[in-house]
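Enquirer: My questions concern the predicted model and sequence given below.
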Amino acid sequence: MNRENKRRSFEKGYYKNHPCAEVFTCRQCGRQVVPEGAGSRHRNHCPNCLTSLHVDVEPGDRAADCGGRMEPVAVWVKRGGEWAIIHRCVRCGKLSANRVAADDNPMKLMSIAMEPLGQPLFPLERIEEMTRLMGGDGRMN
């Protein structure tokens, strides 16, 4: 990459309109991440552990000074059924959403999605009592 192209790659919005063909090593699991297989023109997280880096203020601008590791904390389903990963920066706490890539680890995605069900906000033993308080008969069938 010559000096002019490198300067252009740091201009605002460059990554929104240009494919990201960079190969990188994941800071979390150490795997080499290649852009092929993502199903899109942009690879922004590791397909194995789903970890990302805090490099953007706005998607594609590469303007963040933090550089912290973004850990996957949740998933959500966008309108139309497409899944996205919610990442939280371990350094500054910023939250961001990233589209799920075609080659992302399905077991890791499902474990993140199911985590809230494994840790309910209330004790499961109290379901009958709470149902009764809400006007139900409190029986579990």
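Expert: Looks like it arrived, so ask away. This structure is a prediction, so every number in the text was calculated from the model and none was measured. Residues are numbered from 1 along each chain as shown.

Enquirer: what pLDDT, on average, does stretch 134-141 get?
Expert: On average, the pLDDT along stretch 134-141 is 64.

Enquirer: Show me the residue at the heart of the chain, geometrically.
Expert: I85 (3.0 Å; C-alpha atoms, centre = their mean).

Enquirer: residues contacting it?
Expert: 45, 50, 72, 74-75, 97-100, 104, 109, 112 (C-beta atoms under 8 Å, 6 or more residues apart in numbering). Every C-beta, even on glycine, is put in place using the N, C-alpha and C of the backbone.

Enquirer: Recalculate using a threshold of 10 Å.
Expert: 44-45, 50-52, 70, 72-76, 96-101, 104, 108-109, 112-113 (C-beta atoms under 10 Å, 6 or more residues apart in numbering).

Enquirer: now it: how far from L117?
Expert: 18 Å (C-beta to C-beta, to the nearest Å).

Enquirer: Then C26?
Expert: C26 is 28 Å from L117, by C-beta to C-beta.

Enquirer: more crowded one of the two?
Expert: Remark: of C26 and L117, C26 carries more neighbours, 19 against 7, as counted by other C-beta atoms under 10 Å.
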